[in-house]
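Participant: next one to model:
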Amino acid sequence: MKAQILVALAIASAFAGVSARNLLATELSFPFWTCEKGSYLPDVSPYTLSLYSIIPVGTNTKFCFQIGSAAKASDLTDIGSECYDKLQASLYKMSIESSPACSGAIKAVTVNGAPTFNWQFHTYASVGGAEIRITKLNKDSNTAPGSIICITATAPCKDLGSLAKTSDASFYYSFSESSAHRCCPVNVNASSSPPPLPPP
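Facilitator: Numbering: from 1, shown residues only. Next up is the predicted model:
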């Protein structure tokens, strides 16, 4: 029971952090883009992101994430509802908050097993921030759920806490509908234990 309470408190704390970020979200905090006011809230996103697997690959680590779907909340603001619909129609970009120390540590990115060069690692020295940005996903609410995005990294970012700049192996992520990024809801995955791999 004590362990369950601690997990619940950790998740509540993480989501409180998301709310605080969304109230203050500007170029000074993740996702470091200026979007429509009110579009940063987690409920604005029709998508979720969960940890799918962590696999050692030689001297590197391959982190795989799976996109899921989220139902539309009934209490969205007008801009929230508009952004939810836009993201359903077009998922162009995904971003995961990272650490500046990981600059140069990202070796490869794949989308559904296919290598992609449409990714960038951006650092924001003035605020000590960084993000891994994957663009041109060109998906929608029919094709995005179930998609697997994998990031291969080397030292000093071979564990999720280092890659995602968190002490508890949670991670912050954001989706956007276009390169113009009018909508960029921020969310956190506070339970980052991948499911067990199937037997060989």
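Participant: tell me the contacts of the spatially most central residue of the chain?
Facilitator: What sits nearest the mean C-alpha location of the chain, by CA atoms, centre = their mean, is Y173, with 2.2 Å. Y173 makes contacts with L49, F65, M94, S95, I96, E97, V186, N187, V188, N189, as judged by CB atoms under 8 Å, 6 or more residues apart in numbering. In this view, the C-beta of every residue, glycine as well, is placed from N, C-alpha and C.
Participant: and with 7 Å instead?
Facilitator: By CB atoms under 7 Å, 6 or more residues apart in numbering, Y173 lies in contact with L49, M94, S95, I96, N187, N189.
Participant: tell me the helix or strand right after the lowest-mean-pLDDT helix or strand in the chain.
Facilitator: Ranked by mean pLDDT, DSSP states H and E, the weakest helix or strand in the chain is helix 2-24, scoring a mean of 40. Remark: after helix 2-24, the chain's next helix or strand is strand 47-57, criterion DSSP states H and E.
Participant: strands along this structure, start to end?
Facilitator: 47-57, 60-69, 93-98, 106-111, 114-115, 119-124, 129-134, 148-153, 171-176, 186-189 (DSSP state E).
Participant: sheet partners, orientation included, of the last one?
Facilitator: To tie it back to what came earlier, the one meant is strand 186-189. As defined by DSSP bridges, the strand partners of strand 186-189 come to strand 171-176 (antiparallel).
Participant: what is the orientation angle of the partner strand with strand 60-69?
Facilitator: Inter-element angle recorded for strand 171-176 and strand 60-69: 50 degrees (by axes from the mean of the first three to the mean of the last three CA atoms, to 10 degrees).
Participant: how big is the angle separating strand 171-176 from strand 47-57?
Facilitator: 130 degrees.
Participant: for strand 171-176, list every residue counted as buried.
Facilitator: Using 16 or more other CB atoms under 10 Å as the test for burial, strand 171-176 gives F171, Y172, Y173, S174, F175, S176.
Participant: check stretch 67-77 too.
Facilitator: Buried, per 16+ other CB under 10 Å, within stretch 67-77: I67, A70, L76.
Participant: now tabulate those in JSON lines and tack on distance to D140.
Facilitator: Below are the buried residues of stretch 67-77 laid out as JSON lines (distance: CB to CB, whole Å):
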{"residue": "I67", "distance to D140": "11"}
{"residue": "A70", "distance to D140": "14"}
{"residue": "L76", "distance to D140": "19"}
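Participant: closest to T154 among these?
Facilitator: I67 (24.7 Å; CB to CB).
Participant: I'd say that closest one and P46 touch.
Facilitator: No: applying CB atoms under 7 Å, one finds I67 not in contact with P46, separated by 10.1 Å.
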